[in-house]
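# this is a predicted model, with the sequence first.
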Amino acid sequence: MSNQPSSYTRDRQLQELHQSAANLTQYACIVSARHIKDGVLRGQFNRDMAYYVRQVLSDVRNGKLRTDEAAWRLELEHKSLSRISLEVGGVIAGGFMTLTGIGLCYGSAMTLCSVGTPMIAHGANNIYENVANLARGRTDTAGPLKKVYRIAAVAAGGTENNGDVAYGSVDVLLSIYGFFRPVPKPGTWQLFIPIRTDYVPAYKLMNKGALLFEGVMSAWTAYLTYQTAQEAEK
C-alpha cells in the first residue's frame, strides 16, 4: 500500500497552505502599518515578507519542501511576528504608563505620586523587559522591579511565580486606573478649586486607536497573569 497522500488530501493540504500564506501576508501588513511609520521602510518590509511567502510556495511546487514543512515555516514566521508585535506594543504601553505616572505626579503637585510613582516604575520595567526580549529573541526577561516582586514573594513563603502574579496584577490595576483617572475637560479653565464637573474619565478623551491598543495590551497582560497564576497553583 502506498504511503503517498491521495490526490484529494494533497489538494486540501495545498489549499490550506495557500490560505496560511495569505493570512501571513495580511498579518505582516497589519503589523507593519501598526509599528512602522516610515512609508518606504513599511513598503520594503511588506515586499520582503511577500517574497518570503512566494519562495516557500515555490519550493513546494518544485518539490524542495513538503507541504507540512512549508506550513510549519509559515506558522513559525507568524508566531515570530506576533511575538515581535506584542513586545513592541509592550514598549509603547510601558512608555504610556511612564508618561502617565509622570503626569500624575507633576500635574497634582506631587499629591498623586502614591499612584504615579508605581506607574513610572512599572512602565520603565515593562520597557526594559520588552526591549531586552526583542534584542535577545527571548520572551522571559525579568526586569529589576519584577525581580523585587519575586524576592518579596519568596520571602513571604511563596514562589517566584507568585511574585510574577503580583506584578502582573498590579500592572493591570495601574492600567485600569490610567483608563479611568479623572482628567480636565478640553477648554476647562480653573480659577481656584477644581470641581467634579470639570473632569472626565481619561478614556473618554482617547481616540479609538489608542483606546483599542491600551485595551488589547491590558487584556493580554491579564491573560498572561492568569496563566502564571494557574501554574503557581500546580
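Here it is on my side, so go on. Note that the coordinates shown come from a computational prediction; the quantities given were computed from them, not determined experimentally.

# return the list of helices and strands in contact with the worst-scoring helix or strand of the chain on mean pLDDT.
Taking mean pLDDT, DSSP states H and E as the measure, the helix or strand of the chain with the lowest value is strand 182-184, at a mean of 78. Contact here means 3 or more Cβ pairs under 8 Å, 6 or more residues apart in numbering; DSSP states H and E; on that basis strand 182-184 packs against strand 199-201. Heads up, the C-betas are built off the backbone N, CA and C, glycines and all.

# direction included, what does the strand it packs on pair up with?
Strand 199-201 has the following strand partners under DSSP bridges: strand 182-184 (antiparallel).

# list the buried residues for the strand it pairs with?
V183 (16 or more other Cβ atoms under 10 Å).

# any idea how far the spatially most central residue of the chain is from S108?
For the chain, the residue sitting closest to the mean C-alpha position, by Cα atoms, centre = their mean, is L86 at 2.9 Å. According to Cβ to Cβ, to the nearest Å, L86 and S108 sit 32 Å apart.

# list the buried residues for whichever helix or strand Q26 is part of?
For Q26, the element it lies in under DSSP states H and E is helix 7-35. Buried positions in helix 7-35, judged by neighbour count with 16+ other Cβ under 10 Å: 13, 17, 20-21, 24-25, 27-28, 31-32.

# and the helices in the chain?
Listed in chain order, the helices of the chain (DSSP state H) span residues 7-35, 39-61, 67-107, 113-136, 144-155, 160-180, 208-232.

# quick one: the first one to chain centroid distance?
It stands for helix 7-35. Going by Cα atoms, centre = their mean, to the nearest Å, the spacing between the C-alpha centre of helix 7-35 and its chain's C-alpha centre is 22 Å.
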